[in-house]
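# This is a predicted model, with the sequence first.
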Amino acid sequence: MNSYQIQTMQTVIDAMESHLDKRLDLETLAQTAGYSKHHFHHVFTSLTGLPIHDYILRRRLTQAAQQLVHTQKPILEIALEAGYQSQQAFTSAFKGMYKQTPRVFRKNNAFYPLQWKFTGAILPQPASLSLAWASLNDLDDWMALSAQTVSGFPGLEENSHRKQIQGAIRQHRALVIRDQPHLIGALVFSQPAATIEFLAIHPQYSYRQIAAIFLDFLIRNRVLGPTIKISTFRANDKADPGQRKAYEQLGFTASELLVEFGYPTQRMLLQAAPTESKNG
């Protein structure tokens, strides 16, 4: 992806933001970008990490969720503004992603986003990837990455997340990967529990490739093991942006079902291959 493609796609995304209540079809968006439908879909997915339909759905429902919590608008009015023809259709879509009806979501009064507007496009230089222990100087970049990957973390609340990351950095439990100068991967682990508590990877990079770099470090240096745990979406969860599949392709297997922060998840396990030496 080159700078012209990034600029073009960001222009399209900016235009989409002011028309989320209207019909946004692939052909029209591709014409706006000056691309074929196939090429537009490929470039958009490479940039945001989501197919165009999924991105629009998440943005519409995120805006709807904000209105449910922060306004007193009738649910039908919010549904129509989100582009739905009926409250029933809106409720079905909303529940599929948020795991609760709009009415219950409003009553619980705890907003979280499915997808913020994508604004973090960069020009990858994969040859320059470097892994390091996170420092407090990484915190603002870490939070920006968390905002770009929020679709993978239902219920993530910015202020509490910042405090948790500050604590993990001070406790030497946080790692980052940079493609200088950009922070493109972030991980928090718990050593006693052999658990990866947080793993975020910039959507323009291969999830499996960056995750594999982290895992190699954790295993090779015996930071975690022999069985590494991580939690992700349950099978067939419509809100999963592809996270579960990426973990399965890395060798993680399904374990017990969980409910974390009120959201249904599943623990995945990875049997770490033994290493001959700490530095091997």
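Great, that's in hand. Numbers count the residues shown, from 1 in each chain.
# Contacts for the helix or strand where Glu27 lies, please.
According to DSSP states H and E, Glu27 maps onto helix 26-33. Residues outside helix 26-33 that contact it (Cβ atoms under 8 Å, 6 or more residues apart in numbering): 8-9, 11-12, 15-16, 36-37, 39-41, 43, 52-53. Glycine gets a C-beta too; all of them are placed from N, C-alpha and C.
# List the ones among the residues you listed that fall in helices.
Of the contacts of helix 26-33, the ones assigned to helices by DSSP state H are 8-9, 11-12, 15-16, 37, 39-41, 43, 52-53.
# Where do the strands of the chain begin and end?
With DSSP state E, the ranges of strands along the chain come out as 129-133, 174-179, 182-190, 195-201, 227-233, 253-260, 263-271.
# returning to what we had before: please indicate which of the ones in helices among the contacts of helix 26-33 are buried?
8-9, 12, 16, 40-41, 43, 52 (16 or more other Cβ atoms under 10 Å).
# Out of these, which is nearest to Arg103?
Met16 (28.0 Å; Cβ to Cβ).
# Name the nearest residue to that closest one, ignoring sequence neighbours.
Leaving aside its chain neighbours, Met16 sits nearest to Leu24 (6.1 Å; criterion: Cβ to Cβ, 6 or more residues apart in numbering).
# Also Gln266?
Per Cβ to Cβ, 6+ apart, closest to Gln266 is Arg234, 4.7 Å.
# so where is this protein shaky, pLDDT-wise?
126, 274-280 (pLDDT under 70).
# Which positions within the helix holding Glu27 qualify as buried?
26, 29-30, 33.
# Now do the helices in the stretch 1-150 of the chain.
Ranges of helices within the stretch 1-150 of the chain are 3-17, 26-33, 37-48, 52-70, 75-81, 87-98, 102-108, 139-148, based on DSSP state H, counting those that start in this stretch.
# deepest of those helices, which one?
Across these, the average number of neighbours (mean count of other Cβ atoms under 10 Å) peaks for helix 52-70, which reaches a mean of 20.
# which strands and helices sit next to that one?
On a contact count with 3 or more Cβ pairs under 8 Å, 6 or more residues apart in numbering; DSSP states H and E, helix 52-70 meets helix 3-17, helix 26-33, helix 37-48, helix 75-81, helix 87-98, helix 102-108.
# Adding distance to Gly251 as columns, could you present these in CSV?
Formatted as CSV, the helices and strands packed on helix 52-70 follow (distance: least, Cβ to Cβ, whole Å):
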stretch, distance to Gly251
helix 3-17, 33
helix 26-33, 35
helix 37-48, 25
helix 75-81, 42
helix 87-98, 28
helix 102-108, 36
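# Out of those helices, which is closest to Arg208?
helix 37-48 (14.9 Å).
# Tell me which other helices or strands that closest one touches.
So helix 37-48, by 3+ Cβ pairs under 8 Å, 6+ apart, packs with helix 3-17, helix 26-33, helix 52-70.
# Just send these back as CSV, with distance to Lys238 too.
Formatted as CSV, the helices and strands packed on helix 37-48 follow (distance: least, Cβ to Cβ, whole Å):
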stretch, distance to Lys238
helix 3-17, 21
helix 26-33, 20
helix 52-70, 9
